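Colleague: Output the structure for:
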Amino acid sequence: MDITATSSCPDGKTQDGTADGVVVFVCRNCRSEDDPNADPRPGALLSSATIAKAQAVGIEVRSVNCLANCKRGLSASIRSADGWSYIFGGLAQDDADDLLIGAQLLASAPDGLMPWRGRPDSLKRGMIARIPPFDYTEEKS
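Modeller: Below you'll find the model as predicted:
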């Protein structure tokens, strides 16, 4: 799957496939419902794969101990410094590319919202929540 992207956004959020200002957090502690004692844990495998693939495309990925989404693991979040942040669950061990595509989509979004179009299926059906930017205020009509 091709995970490179180049943005032509005037704000320059992304350049040459990188996702400046966006960080992917992957829960390395998520267990498998089928085999809760599996070692390594599926979350650790997803985390390692995402980190390894991210280096080639310039996306920051951090492995975290727990995202407290145990009922809907495997879990990850994609945080934007200037836009919305997203929490995903129900991911699979092989969804590393999907997380990186989501990070690039968010980084290149001129309105700070990850577009639905182009979003991988795992990020459509696995979305738990989106969190507004810290300085967000609702526009009143």
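Colleague: rest of the way, CA atoms for contacts and neighbours
Modeller: Noted.
Colleague: which stretches of this structure aren't confidently modelled?
Modeller: Where the chain drops to pLDDT under 70, the residues are 1-19, 141.
Colleague: how about the helices of it, start to end?
Modeller: Ranges of helices in the chain, per DSSP state H, are 42-57, 96-108, 121-125.
Colleague: Pull out the buried residues from the longest one.
Modeller: Residues of helix 42-57 classed as buried by neighbour count (16 or more other Cα atoms under 10 Å): 42-51, 53-54, 57.
Colleague: Show me what it packs onto, helices and strands only.
Modeller: Helices and strands touching helix 42-57, by 3 or more Cα pairs under 8 Å, 6 or more residues apart in numbering; DSSP states H and E, are strand 22-27, strand 60-64, helix 96-108.
Colleague: List the contacts of residue 64.
Modeller: 25, 26, 27, 28, 29 (Cα atoms under 8 Å, 6 or more residues apart in numbering).
Colleague: which one is residue 96 nearest to, not counting chain neighbours?
Modeller: residue 50 (4.5 Å; Cα to Cα, 6 or more residues apart in numbering).
Colleague: Would you agree the one you found is in contact with residue 61?
Modeller: Yes: under the criterion of Cα atoms under 8 Å, residue 50 makes contact with residue 61 at 7.0 Å.
Colleague: got a list of what the residue nearest the centre of the chain touches?
Modeller: In the chain, the centroid-proximal residue (Cα atoms, centre = their mean) is residue 78; its distance is 3.6 Å. Residue 78 is in contact with 22, 23, 24, 25, 85, 86, 87, 99, 102, 103, counting by Cα under 8 Å, 6+ apart.
Colleague: could you redo those as CSV and give each row neighbour count and distance to residue 93?
Modeller: Listed next are the contacts of residue 78 as CSV, based on neighbours: other Cα atoms under 10 Å; distance: Cα to Cα, whole Å:
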residue, neighbour count, distance to residue 93
22, 27, 21
23, 20, 19
24, 25, 15
25, 24, 14
85, 23, 21
86, 22, 19
87, 20, 16
99, 28, 11
102, 27, 16
103, 30, 17
